[in-house]
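Undergrad: the sequence and its predicted three-dimensional model are supplied below.
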Amino acid sequence: MKAAFLTAIRKFEIRTIPDPEIVNATDVLVRIRMVGVCGSDVHYYRTGRIGHQVVEFPFILGHEAAGVVEKTGKAVTRVKAGQRVAIDPTAACGVCDQCRSGRENTCRNLLFLGCPKQMDGALREFAVLPESCCFPVADGTSFERAVLSEPLAIAEYSVEKSLLPAGGSAAVLGAGPVGMSVLHALRTRQTGNLYVTDRIESRLRFAAGLNPKWSGPPDHPDAVDAILRLEPLQLDAVYECSGDPEAAHQAVRLLKPGGTAVLIGIPESDSITLPIHELRRKEITLLNIRRQAGCTEKALDLLESRKIDMDAMATHVFPLERTAEAFETAADYRDGVMKAMIRLDGDGEGKGRP
């Protein structure tokens, strides 16, 4: 099979490697059809690491994926050969204290697709995954839509965990794919005013389609002042989706006493500083988000029922042979990209540029 290997910083090679084989009774062999380029993938592409997770080259990236089941192990009951599936990239052990308490996202023995020293990623024609990672999708569901269920699941989990009160006001800092997913998830709920910041004009235009009360760049003019003129009592929740340390500071300034700062974005640095005295005086809750737990099916239901329509976010689709171009486009925010995807078939399915 063909696979795209990251062989150095900002360098991919397409190589031919042996097809994987089913080993366990609960294994599923999936023909990968579409892979989304995530911001965390871009961190590995640009710097070779996220915190202590360091790539050992060559390595296969990619964790937002969808495909078709080719074959199943004898004990598999959830999916069958020929069925389309969305992939949850988290393989939890199911037996540790975290899994038993419903926190498979913080499993003690977690293996993650496309994470160094854990699992090879999805940028390959075939992958063997545990049954627990495979979620059936309707035949009419595009592979792009199935892929978008992954960031939407994170958004659903984040909004659920934040316990935003009915009618509560909130801001989304960073209107990339995860931030837009959070905005979509908020729009399915009874909220007050919503606010959005991003430095990229094309992303603000995406956000404008969901009618926030205000949207604009985070630093020109000062976004905090602009929002607080409209919300003098400050906000109930802020969803930080950019990974920019300055955005975390802005979140604290925007929040009312007792508010919640939901930290979703992944910083490139190992540590950030926060204004501890303002956090303390306002008794701000810091809620860190580690992926999601139990929200993949919810996300798929929202997309397949069309209660949430994120299809337009799949702005660019590239063939596997142009993986490097896909990553360059995403990393440098080229050509109005929102979500770059990589197609692993030759039948022409897929939309968007180029």
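TA: Here it is on my side, so go on. Numbering: from 1, shown residues only.

Undergrad: surely residue 14 meets residue 323?
TA: Yes. Proximity of residue 14 to residue 323 meets the contact threshold set by CB atoms under 8 Å, at 7.2 Å. The way it works is simple: take the backbone N, C-alpha and C, and place the C-beta from them, glycine included.

Undergrad: mutual contacts of those two, please.
TA: Taking CB atoms under 8 Å, 6 or more residues apart in numbering as the criterion, residue 14 and residue 323 both touch residue 4.

Undergrad: show the residue spans covered by the helices in the stretch 201-350 of the chain.
TA: Ranges of helices in the stretch 201-350 of the chain, per DSSP state H, counting those that start in this stretch, are 201-208, 223-230, 245-254, 276-282, 296-304, 323-331.

Undergrad: neighbour-wise, which of residue 14 and residue 323 wins?
TA: Using other CB atoms under 10 Å as the criterion, residue 14 and residue 323 rank with residue 323 on top: 26 against 14.

Undergrad: help me confirm that that one comes into contact with residue 343.
TA: No. Using CB under 8 Å, residue 323 is not in contact with residue 343; the gap is 10.4 Å.

Undergrad: next, the angle from the lengthiest helix in the chain to helix 296-304.
TA: When the chain is parsed with DSSP state H, its longest helix is helix 143-162. Helix 143-162 runs at 120 degrees relative to helix 296-304, counting by axes from the mean of the first three to the mean of the last three CA atoms, to 10 degrees.

Undergrad: OK, contacts around the residue positioned nearest the centre of the chain?
TA: The C-alpha lying nearest the average C-alpha coordinate of the chain belongs to residue 151 (CA atoms, centre = their mean; 3.3 Å). Applying CB under 8 Å, 6+ apart to residue 151 gives the contacts 36, 38, 64, 177-178, 181.

Undergrad: and residue 33, by the same measure?
TA: 66-68, 143, 343-345, 349.

Undergrad: do the same with residue 39
TA: 176-178, 243, 265-266.

Undergrad: most neighbours out of the residues you listed, which is it?
TA: Most surrounded of those: other CB under 10 Å gives residue 177, at 31 neighbours.
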